[in-house]
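> need a structure here:
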Amino acid sequence: MAINRKLSSRVGAAAVVVGLACAGAFFLQHTHRPQASAMAAIEEGVPVIAAVAQAQDVPLFVRGIGTVQAYNMVVIKTRVDGAIVKVSFTEGQDVKAGDPLFQIDPRPFKAALDQARAAKERNEAQLVSAQLDLYRDRTLSKEGYQSRQSFDEQTAVVRALKGLIASDEAAIVNARLNLDYADIRAPFDGRTGTRLVDIGNLVQAVQATSLVSITQVKPIFVNFTVPQNVNDQVREKQAAGPLAVVALGDDARVELARGEVSVIDNQIDTTTGTLRLKATFPNADQRLWPGQFVNVRLVLAERKGVARPVRTVVDIQEGTGVGELLRSNLIGSQLAVALRFAVGAGLTLGVLPLLFAMFPELGRMEVLGLRLPWLLLGVLVYPFLFGLGLWHARTAERVEQNFADHVQD
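All right, here's what the predicted structure looks like:
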């Protein structure tokens, strides 16, 4: 009966030990969930963009909405009548001032120029003959062999021929201009638009037919408005030096170009209560395009402050926000690993003494000259603790890497 009781107590103690081991295993398994939930929260939450805030000059600016305007814009039209015989550009091509665009049939204008030159040569020859006659009439008139009236008439002939020659020179100039107008060239550097006529089309000056448009985009203008309450400040700062202007994209984050205020309107719009400004941008990379709507920032001053990159702003339901980056998920995961380490070590160190208390004969056994408790402690416990520590370090490193992968720099 005593033996049965002793056996029952040992069996009960063994059951308690097994129960504790199962409870520890259950705890170890479920303490892994915070890490998974933390990483899932990172994956399913609002994307985070990390950047370092820096102390630098922070601009004080006024926001506005502007429209890009070409620095120069022209619609090419013909000044003479004729058929187009040549097109020297492609649509959308960048052209330089003086580059040929269209060629109108030049033959009628060359003929008119030759005719004007021939008329001038004829009148010049007649003028030479009339001047000789005038010289002879003057000599005869002095000697009394020629009447005064005949001398005056010859003088008038010479003057008339001189007038005809002047008219011929004007006709030559006009014919040369018409010939030049037949060769249509770009008036300034710019980009061509859609061609509106083709080779063989007959164009007339009186019809004001549009041939193509050219816009100059380097440099370029941006027209925008600011509230009237900054009128005095804008004019005061502009008098000290051109104010800087930043053109932004549709999202008001991407910077397109930087320029300077070139024109302040001479009055405030009474219907909107705004002041119209015009800024000039070099636009070397052609990121601004005529007719484009842009967000504008007019920089009024600069002060020392802490600046954060625009890309760190996160869109949320209430608008946009910026905050500090706390590694709470990583800390929570590392705490869970530490708890697993502590529970595992505690169970290992606690189970062995219970077993030796329930089975004293085990404590008296010797293997290779060593008592079994010390042998088990050296063979099982210390390698287990070493392996568990190594696993803890690798798990923390993996959590750190996963965290870094989910944070976009």
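> for the lengthiest strand in the chain, list the C-alpha coordinates in CSV.
With secondary structure taken from DSSP state E, the chain has its longest strand at strand 54-77. Extracted C-alpha coordinates of strand 54-77, given in CSV (Å, rounded to 0.1, in the frame of the first residue of the first chain):
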residue,chain,number,x,y,z
GLN,A,54,18.1,69.1,-40.6
ALA,A,55,18.7,72.6,-39.3
GLN,A,56,18.9,74.9,-42.3
ASP,A,57,17.4,78.1,-43.8
VAL,A,58,13.6,77.6,-43.9
PRO,A,59,11.8,79.8,-46.5
LEU,A,60,8.7,81.8,-45.6
PHE,A,61,6.5,81.8,-48.6
VAL,A,62,3.1,82.6,-50.0
ARG,A,63,1.2,80.0,-52.0
GLY,A,64,-0.6,80.6,-55.2
ILE,A,65,-1.8,79.0,-58.4
GLY,A,66,-0.3,80.1,-61.7
THR,A,67,-0.4,79.5,-65.5
VAL,A,68,2.7,79.0,-67.6
GLN,A,69,2.9,81.5,-70.5
ALA,A,70,5.3,81.4,-73.4
TYR,A,71,8.1,84.0,-73.3
ASN,A,72,7.2,84.8,-76.9
MET,A,73,4.5,83.4,-79.1
VAL,A,74,3.7,84.0,-82.7
VAL,A,75,1.4,82.7,-85.4
ILE,A,76,3.2,82.7,-88.7
LYS,A,77,1.2,84.1,-91.6
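> buried set for that strand?
Under the neighbour-count criterion of 16 or more other CB atoms under 10 Å, strand 54-77 has 61-62, 64, 66, 68-72, 76 buried. Backbone N, C-alpha and C define where each C-beta goes, glycine included.
> who does that strand pair up with?
Strand 54-77 has the following sheet partners, assigned by DSSP bridges: strand 210-227 (antiparallel), strand 293-307 (antiparallel).
> and the angle from the next helix or strand after it to strand 210-227?
As assigned by DSSP states H and E, the chain's next helix or strand after strand 54-77 is strand 82-87. Counting by axes from the mean of the first three to the mean of the last three CA atoms, to 10 degrees, strand 82-87 lies at 80 degrees to strand 210-227.
> can you show me the CA trace of strand 82-87 as PDB?
Taking Å, rounded to 0.1, in the frame of the first residue of the first chain, the C-alpha atoms of strand 82-87 are listed here in PDB:
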ATOM      1  CA  GLY A  82       1.600  82.400-103.900                       C
ATOM      2  CA  ALA A  83       1.800  78.700-103.700                       C
ATOM      3  CA  ILE A  84       3.900  76.900-101.100                       C
ATOM      4  CA  VAL A  85       6.700  74.900-102.700                       C
ATOM      5  CA  LYS A  86       8.700  73.900 -99.700                       C
ATOM      6  CA  VAL A  87       8.400  73.100 -96.000                       C
END
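> that older thread, name the stretch among the strands paired with strand 54-77 that sits most buried.
Here the criterion is mean neighbour count by mean count of other CB atoms under 10 Å, and of the strands paired with strand 54-77 the winner is strand 210-227, at a mean of 20.
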